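Peer 1: The following block contains a protein sequence and its predicted model.
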Amino acid sequence: MFMFSTQTTGLVGLAVAENPHERLRILYTKILGVLQNIPKDAAYRKYTEQIVNQRFNLVQTETDVQKLQDKLNSGHIEEVIVQAENELSLARKMIQWKPWEPLVEEPPSDQWRWPV
Amino acid sequence: TVRPKNEVEQKQLCAFGEYVAEILPKYIQQVQVTCFNELELLIHPDGIIPVLTFLRDHTNAQFKSLADLTAVDVPSRQYRFEIVYNLLSLRFNTRIRVKTYTDELTPVDSAVSVHKAANWYEREVWDMYGVFFANHPDLRRILTDYGFEGHPFRKDFPLSGYVEV
């Protein structure tokens, strides 16, 4: 297998992250903090906490970057960092949108009937 | 010959559809999986931006690519236009379809803030169907002629048009 190069990620626009464990640790703690503001029974909070805790444990137990990438099975470690940043921004927006509430409005009865 | 049924993929898509419907019950009205394994989410129009941002940013559903944005005109319905978004996830190699509805006069939120690719697609839907997109940076005609009146893809627009060429 091609050895992990520390000069470039191979992806356009993504620089190599120095100290990825620290960055991921900060991001995951921030996400968990933001999720505390969501009601406890919301499905989004439950599933996201599950994903974040799972990844957090992997990051804390595995110190080698290459092995961590293999275990996470989600592309380069820089991509994992970008994904964590996206999840953080999504959690902040979810607090405003509150999608766990019941349905806003029922559609008209013939709206989704196919064939018409 | 008949296309072979892929039960495993159908089950996975059903499970994922239920997962998304459980997380976003405020906007999702219906979830369906077609017989040839295509997942469709049927949305209330207020929920376009929340649902598209969720599908783009969530770790279990990284649908980063907007493949298509179209509209369907069904004149017999109360909300005659059905806006369709086709999304592709490169991480998980899956596709998903998000559908909303509107009528001629109600504006719909623009998806440009979520996917930059939606810019020209929404201009095309405006030009061809007359669906207005709120918060679009530059909504003007894109395919019809400069002084063209009317919206050609509507079902009540005649095939050879109103102006003689």
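Peer 2: Okay, I see it. For clarity, every value in this text was computed on a predicted model and none was experimentally measured. Numbering: from 1, shown residues only, chains lettered A, B, ... in the order given.
Peer 1: So for residue 34, what's the nearest residue that isn't a sequence neighbour?
Peer 2: This is for chain A. Of all residues beyond its chain neighbours, the one nearest residue A:34 is residue A:91 (4.4 Å), with distances taken as CB to CB, 6 or more residues apart in numbering or on different chains. The C-beta positions use only the backbone N, C-alpha and C, and glycine is treated the same way.
Peer 1: other chain: chain B
Peer 2: residue B:40 (7.1 Å).
Peer 1: re earlier: counting by contacts, list what the helix or strand the residue nearest to residue A:34 falls within packs against.
Peer 2: Counting by DSSP states H and E, the secondary-structure element that holds residue A:91 is helix A:77-97. Packing contacts for helix A:77-97, counted by 3 or more CB pairs under 8 Å, 6 or more residues apart in numbering or on different chains; DSSP states H and E, involve helix A:20-35, helix A:43-61, helix A:65-72, helix B:48-57.
Peer 1: What residues sit buried inside it?
Peer 2: Burial within helix A:77-97, assessed by neighbour count using 16 or more other CB atoms under 10 Å in any protein chain shown, is assigned to A:77-84, A:86-88, A:90-91, A:94, A:97.
Peer 1: Now flag whichever of those is closest to residue A:10.
Peer 2: residue A:78 (10.0 Å; CB to CB).
Peer 1: What separation do you get for the residue nearest to the closest one when sequence neighbours are not counted and chain B?
Peer 2: Spatial nearest neighbour of residue A:78, excluding adjacent residues (CB to CB, 6+ apart): residue A:14 at 4.6 Å. Residue A:14 is 14 Å from chain B, where distance means CB to the nearest CB, to the nearest Å.
Peer 1: mind listing what residue A:14 touches?
Peer 2: The neighbourhood of residue A:14, defined by CB atoms under 8 Å, 6 or more residues apart in numbering or on different chains, consists of A:76, A:78, A:79, A:82.
Peer 1: ok, back up a step: give me the phi and psi angles of the residue nearest to residue B:34.
Peer 2: phi -130, psi 130 (degrees, to the nearest 10).
Peer 1: I figured it hits residue B:87, correct?
Peer 2: No: at 11.1 Å, residue B:40 and residue B:87 do not qualify as touching, with contact defined as CB atoms under 8 Å.
Peer 1: The two: who's more crowded?
Peer 2: residue B:87 (23 against 19; other CB atoms under 10 Å in any protein chain shown).
Peer 1: Could you check the pLDDT of residue B:3?
Peer 2: The confidence metric pLDDT takes the value 84 at residue B:3.
Peer 1: Now it. Nearest residue, chain neighbours left out?
Peer 2: residue B:36 (6.7 Å).
Peer 1: Ok, which of the helices and strands packed on helix A:77-97 comes nearest residue B:153?
Peer 2: Among the helices and strands packed on helix A:77-97, helix B:48-57 comes nearest to residue B:153, with 20.4 Å by CB to CB.
Peer 1: From the contact counts, what lies against that closest one?
Peer 2: helix A:77-97, helix B:7-23, strand B:81-89, strand B:94-102, strand B:108-109.
Peer 1: Nearest the geometric middle of chain B, what residue?
Peer 2: Taking CA atoms, centre = their mean, the centroid of chain B lies closest to residue B:84, which sits 1.9 Å from it.
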